[in-house]
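J.: here is the input, now give the coordinates:
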Amino acid sequence: MIRAVIIDDEPKAIEALRFILEFNFPDIDIVATAQSVDSGYNAIIDNEPDLLFLDIDIHGGTGFNILSKFKKTNFRVIFITAHNDYAIKAIKFNAFDYILKPINEFELIKGVESVIADIKNSEHKPDYSHITDDTKEIKRITLKTSDSIYFIDLNDIIRCESDNSYTTFHTKDGEKILVSKAIKYYEDLLTDLGFVRVHQSHIVNISNVLKYSKRDGGYISMIDGSTVPVSQRKRMFLLDIFKERELF
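T.: The predicted structure is shown next:
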């Protein structure tokens, strides 16, 4: 059996979720429910769940406040939330599953099936201590490939390169991490955190730029020796960023 805890400050939402889970997943045992940060934390400590269904806004704070208390855990998280803006961005950084309220039963079932498969097949131990509802404080991103899960500091990312519906992350240690999401997905996540999309196929980490050259149509040299073309419509925007950061 998979042990589950539900944390939500709406009793009706808890009962609706319980009904869907009990009907569709007989191998999930809901061992506890809670409606606040403190009671939610205690429910996790006391019951050691494999799976946590967590609302964002709850009594006493947010679901992020609970997760930040755990450095090493054995449980996976599915967020059940009415938020569709800042919280979702923070969740995406950590590759968690999330379901928007009102709950779509099909989406919930699909998300639960995915997490159950991860529980059964992966030795990955999630680390929630860095979770925050302020995306400006995010320092790390989780990247899932077909066979691995990477936890990468943003400063260690040199650039991202598009390959149709895939994106390759190039890191300081020379790794190339291929993930099955389009570059637009990561542009939306990284734009406010020191990254710039300088070309339809390239996002660069401004802190890892070595120089900008106006020759050959304009290109950037990165600290790993790679070069990245700059599209014409991005040149002035990029130069303005360099000036703001006093890079030249």
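J.: just give me the neighbour total for the nearest residue to I152 once chain neighbours are set aside.
T.: Nearest residue to I152 in three dimensions, chain neighbours excluded: I141, at 5.5 Å (Cβ to Cβ, 6 or more residues apart in numbering). From N, CA and C alone the C-beta is placed, and that goes for glycine too. By other Cβ atoms under 10 Å, 21 other residues sit near I141.
J.: average model confidence for the helix or strand where I141 lies?
T.: Secondary structure from DSSP states H and E places I141 in strand 140-144. Mean per-residue pLDDT for strand 140-144: 82.
J.: show me what it is packed up against.
T.: Under the contact criterion of 3 or more Cβ pairs under 8 Å, 6 or more residues apart in numbering; DSSP states H and E, strand 140-144 touches helix 86-93, strand 149-153, strand 176-179.
J.: in that strand, what's buried?
T.: Neighbour-count burial for strand 140-144, counted by 16 or more other Cβ atoms under 10 Å, picks out R140, I141, T142, L143.
J.: wait, which of those residues is closest to N208?
T.: The closest of the buried residues of strand 140-144 to N208 turns out to be I141 (Cβ to Cβ; 14.8 Å).
J.: outline the domain layout of the protein.
T.: The chain breaks down by automatic domain parsing into domains covering 2-121, 154-244.
J.: go through the helices and strands packed on strand 140-144 and find the least confident stretch.
T.: helix 86-93 (a mean of 64).
J.: go through the buried residues of strand 140-144 and say which is closest to F242.
T.: Comparing the buried residues of strand 140-144 against F242 with Cβ to Cβ places I141 closest, at 23.9 Å.
J.: bridge partners for L100, pull those for me.
T.: Beta-bridge partners recorded for L100 (DSSP bridges): T81.
J.: residue ranges with poor pLDDT in this protein?
T.: 83-96, 122-138, 244-248 (pLDDT under 70).
J.: so where's the longest helix in it?
T.: helix 105-121 (DSSP state H).
J.: buried residues in that one, which are they?
T.: Within helix 105-121, the residues that count as buried by 16+ other Cβ under 10 Å are L108, I109, G111, V112, V115, I116, D118.
J.: can I get those in JSON lines including distance to I183?
T.: Formatted as JSON lines, those follow (distance: Cβ to Cβ, whole Å):
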{"residue": "L108", "distance to I183": "29"}
{"residue": "I109", "distance to I183": "30"}
{"residue": "G111", "distance to I183": "24"}
{"residue": "V112", "distance to I183": "29"}
{"residue": "V115", "distance to I183": "26"}
{"residue": "I116", "distance to I183": "30"}
{"residue": "D118", "distance to I183": "25"}
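J.: please report how far the residue of the chain most remote from its centre lies from D240.
T.: Distance to the chain centre peaks in the chain at R215, reaching 37.2 Å (criterion: Cα atoms, centre = their mean). Applying Cβ to Cβ, to the nearest Å, the value for R215 to D240 is 20 Å.
J.: cool, I56 as well?
T.: 35 Å.
J.: what's the answer for K110, then?
T.: K110 is 43 Å from D240, by Cβ to Cβ.
J.: before we move on, back to that, out of the domains of the chain, which one sits most buried?
T.: domain 2-121 (a mean of 17; mean count of other Cβ atoms under 10 Å).
J.: and the end-to-end length of it?
T.: Across domain 2-121, the terminal residues are separated by 13 Å (Cα to Cα, to the nearest Å).
J.: quick one, what contacts the closest residue to V209 other than its chain neighbours?
T.: Among residues not flanking V209 along the chain, I220 sits closest, at 5.6 Å (Cβ to Cβ, 6+ apart). By Cβ atoms under 8 Å, 6 or more residues apart in numbering, the contact list for I220 reads V198, V204, V209, L210, K211, Y212, S213, T227, V228, V230, L238.
J.: just give me how far stretch 154-174 sits from the chain centre.
T.: 16 Å (Cα atoms, centre = their mean, to the nearest Å).
J.: need the residues that contact it.
T.: 138-141, 143, 152, 175-183, 185-186, 190, 193-195, 200-205, 207-208, 222-224, 226, 228.
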